[in-house]
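K.L.:
predicted model and sequence follow; I will ask about them next.
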Amino acid sequence: MDTEYLVALPVEEMSCGSVIKRTEHWPLHCTVMQWFRVNATRADSVGRLNNELSMLASLAKGIELVSEAPDLFGATMDIPVHTLRRCDELNYLHTTLLVYLLQTGSSLMRLRWVGAGYRPHVTTHDGRAFLPGMRHVPTQLLLIKKDTNGTRTIINAHPLGTPTF
């Protein structure tokens with residue numbers, strides 16, 4: 001199995017270098033892009049991805065996550081989540097990243113959850129939930145790597161709304 005990546009906005013504390021074992025629950029977060037594999041035939045694919053994420057994060061202003069309603073997600077609709085109010089800035093971030101990944105030949109793992117199927121949400125874990133009416137303004141865009149053993153590592157945290165030079 002090749003290395004997979006995910007892009008997320010943290011709701012709870014998540015920092016660069018943090019490791020989440022396969023058996024551990026994630027801190028609360030909003031997934032911007034579901035698991036994907038970069039095109040390994042292109043030189044420095046992950047470095048280029050990080051450059052793109054840095055640029056996208058620097059342009060991202062005004063993203064506010066607002067919880068709306070409980071729902072069930074996942075392949076068997078058994079994962080409790082709270083959906084988020086639609087946000088043009090978040091949708092733009094998702095769509096722009098999707099276009100970049102497609103243009104670079106990356107492999108998206110689950111097509112039904114991207115593009116028109118993208119439904120921003122925060123998954124409930126261990127009784128921790130982003131309840132209806134709760135609001136959060138994220139400050140980082142995270143790149144998360146999943147190893148072949150299922151361990152997830154936050155490999156980069158790009159500040160939102162901060163120009164890069």
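P.N.:
Noted; the coordinates are in hand. Residues are numbered from 1 along each chain as shown.
K.L.:
Pro120 against Gln34, yeah?
P.N.:
No: if you go by CB atoms under 8 Å, Pro120 and Gln34 don't touch, sitting 11.5 Å apart. Backbone N, C-alpha and C define where each C-beta goes, glycine included.
K.L.:
could I get the buried residue list for stretch 118-135?
P.N.:
118, 120-125, 129-130, 134 (16 or more other CB atoms under 10 Å).
K.L.:
from those residues, which has minimum pLDDT?
P.N.:
Among these, His125 carries the lowest pLDDT, at 90.
K.L.:
so which strand or helix has the residue nearest to it when sequence neighbours are not counted?
P.N.:
Of all residues not flanking His125 in the chain, His25 sits nearest, at 3.9 Å (CB to CB, 6 or more residues apart in numbering). Counting by DSSP states H and E, there is no helix or strand that carries His25.
K.L.:
do you know how far His25 is from Gly127?
P.N.:
10 Å (CB to CB, to the nearest Å).
K.L.:
and the pLDDT at the residue nearest to His125?
P.N.:
Reading off the model, His25 has pLDDT 90.
K.L.:
residues near it, how many?
P.N.:
Using other CB atoms under 10 Å, His25 is surrounded by 12 other residues.
K.L.:
and it, its phi and psi?
P.N.:
Per-residue torsions, His25: phi -80, psi 150 (degrees, to the nearest 10).
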